[in-house]
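> Structure for the following, please:
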Amino acid sequence: MGQILFKTLVGAVAGLLAWVLWEPSAPTSYMDAAWVRWQLLFLTTLAAFIGLAVGGVNGWTKGSKVHALREGLLGALFGTLGGGMGISLGSELMSIAHHASGTGGFYGIDVAARMLALTPVGLFLGAGIGAATLSLRGVFQGAIGGGIAGAIAGGLFDTIGKMVATAIILAQHTAPNGVAEVGGPSRAVMAVLLGAGIAL
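So this is what the prediction gives:
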C-alpha cells in the first residue's frame, strides 16, 4: 500500500472512530436543548482524532516514534484550534444563509447552507493539522484537502439525510413531523470525508 493511500485510510478511520464514539449519544431530535453542546463535542473530538492520526502518520514517515508522537500531539492541538475556528465561522455562515433566504427546510437552501457551514470547518481543520508539520506547504495542502472535503460533505449531507429519513423515523417510532434527527449517516460520511481529504 502506498504512503498516500495509507495516510488517506488512516485519516478516514480516525474520522469514523470519532463518529462511532459520539453517535450513540446523539439527541434524537435537533430541537433538544442538548443538541448544540453534543454537536460541539462531536466536532471537537473529530478534529482532535483526525489531527492526532494524520499528524502521527506524518511524523512516523520521518522515521521515528518521537516524530510520530510530537506531530500527532501537535496535529491534535492545532487541528482542534483550527476546527474550532471553522465551526464558529461555519455556524455563522449557515445562520446567515438561512436568514437571508427567509425560509427553512427548502432543499436547495439547506444544501447551500450546509456547504457554507462545512467548507470552513474542513478548511480550518485541515490548515491547523497542516500547521503541525511546521511548514507553510503543509498548511496550504491541509486547507485545500479539508476545504474540498468539507464542501463535498456539505453537498451530500442533506441528500443522504433525505434518503435515509423514512427508515430512521420508522426505527425511532417518531412521527415524520420534521423534528426527528436523521443526520447520523450524513455525519458518518462527513467525518470520513474530512479525515480522508485532509490526509490526502
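
> where does the chain have its least confident helix or strand?
helix 136-172 (a mean of 85; mean pLDDT, DSSP states H and E).

> any idea how far that one is from the chain center?
7 Å (C-alpha atoms, centre = their mean, to the nearest Å).

> One more: stretch 127-146?
Using C-alpha atoms, centre = their mean, the offset of stretch 127-146 from its chain centre is 16 Å.

> Just the pLDDT at the nearest residue to G145 once chain neighbours are set aside, thanks.
The shortest distance from G145 to any non-neighbouring residue, by C-beta to C-beta, 6 or more residues apart in numbering, is to G197 (4.4 Å). (Each C-beta comes from the backbone N, C-alpha and C, glycine too.) With respect to pLDDT, G197 scores 91.

> Need the phi and psi values for G197.
phi -60, psi -40 (degrees, to the nearest 10).

> Could you pull out the buried residues of the least confident helix or strand of the chain?
138-139, 141-154, 156-158, 160-161, 165, 168-169 (16 or more other C-beta atoms under 10 Å).

> which secondary structure elements does that helix contact?
Secondary-structure packing of helix 136-172 (3 or more C-beta pairs under 8 Å, 6 or more residues apart in numbering; DSSP states H and E): helix 107-131, helix 184-199.

> and the residue nearest to G145, what is it in contact with?
By C-beta atoms under 8 Å, 6 or more residues apart in numbering, G197 lies in contact with 11, 122, 126, 145-146, 148-150, 152.

> Mind doing that once more with 10 Å?
8, 11-12, 15, 50, 122, 125-126, 142, 144-153 (C-beta atoms under 10 Å, 6 or more residues apart in numbering).

> No further questions, thank you.
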